[in-house]
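*Asks:* coords please:
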Amino acid sequence: MMQQMIMDATRESFPKFMNDTVLEPLGMTNSTYEQPLPQTRALAAATGYYANGREVPGHWHVYPEMAPAGLWTTASDLARFAIAVQDAYEGASHIVLSQETARQMLTGQAPSPYNTDGLGVFVGGGDKTFRFWHEGRNDGFDAQMVELPNIAKGAVIMINANDDKGTLRDIMNVLEKEYHWSR
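*Replies:* Predicted structure coming up:
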């Protein structure tokens, strides 16, 4: 619904709006919401794999619902987004978000059994362990982003497989232990 509201209000395609207002200003030059991928980007895109090792037919799934499932990005570009949210939260930058909006985004809205929902991300921890994160899964691709704004640390992990064995979680646990990001 949000995607359609943006398109109705701006009279622009969703990919163009997101490129002009978020991706380009944040320097996310390897990211797009274009569906299907343009040929120039498709040549650089990985093939997705299901958890059973089978290749996703056509290399990847094309999602018409671009807002929740259509971002094509890299780990570096997704890290740029996380850092921008952190900078806005601290009041150090207003490239895409104001400090007030970033603080609302990173404030718990509704507790769930495992997390607290912020606006577009999950939030948790306190003081030095305060973090926001997002996990994503499309057919053949899994990703996890975590940012600890109070200590300016974070990580983005992306794989071209549906990880039902907990590999992303295990990698993140090693990073948390190595860099002392205790919960």
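*Asks:* Doesn't Gln3 belong to a helix?
*Replies:* Yes: residue assignment for Gln3, taken from DSSP: H, G, I helix; E, B strand; the rest coil, places it within a helix.
*Asks:* pLDDT below threshold where in this protein?
*Replies:* 111-115, 183 (pLDDT under 70).
*Asks:* mind running it again at 90?
*Replies:* By pLDDT under 90, the low-scoring segments of the chain are 1-2, 63-64, 93-94, 108-118, 120, 125-129, 164, 180-183.
*Asks:* Strands along that one, start to end?
*Replies:* Using DSSP state E, the strands found in the chain span residues 110-111, 116-117, 122-124, 131-138, 141-148, 153-159.
*Asks:* Kindly reformat those strands as JSON lines containing mean neighbour count and distance to His180.
*Replies:* (C-beta placed from N, C-alpha, C; glycine too.) Formatted as JSON lines, the strands of the chain follow (neighbours: other C-beta atoms under 10 Å; distance: least, C-beta to C-beta, whole Å):
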{"stretch": "strand 110-111", "mean neighbour count": "9", "distance to His180": "26"}
{"stretch": "strand 116-117", "mean neighbour count": "14", "distance to His180": "22"}
{"stretch": "strand 122-124", "mean neighbour count": "17", "distance to His180": "17"}
{"stretch": "strand 131-138", "mean neighbour count": "18", "distance to His180": "13"}
{"stretch": "strand 141-148", "mean neighbour count": "21", "distance to His180": "10"}
{"stretch": "strand 153-159", "mean neighbour count": "19", "distance to His180": "9"}
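*Asks:* The closest residue to Val22 other than its chain neighbours: neighbouring residues, count only.
*Replies:* The shortest distance from Val22 to any non-neighbouring residue, by C-beta to C-beta, 6 or more residues apart in numbering, is to Val96 (5.6 Å). Counted with other C-beta atoms under 10 Å, residues neighbouring Val96 total 17.
*Asks:* Distance to Arg11 for the strands of the chain - can I get that in JSON lines?
*Replies:* JSON lines is the format used below for the strands of the chain (distance: least, C-beta to C-beta, whole Å):
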{"stretch": "strand 110-111", "distance to Arg11": "33"}
{"stretch": "strand 116-117", "distance to Arg11": "31"}
{"stretch": "strand 122-124", "distance to Arg11": "33"}
{"stretch": "strand 131-138", "distance to Arg11": "28"}
{"stretch": "strand 141-148", "distance to Arg11": "31"}
{"stretch": "strand 153-159", "distance to Arg11": "33"}
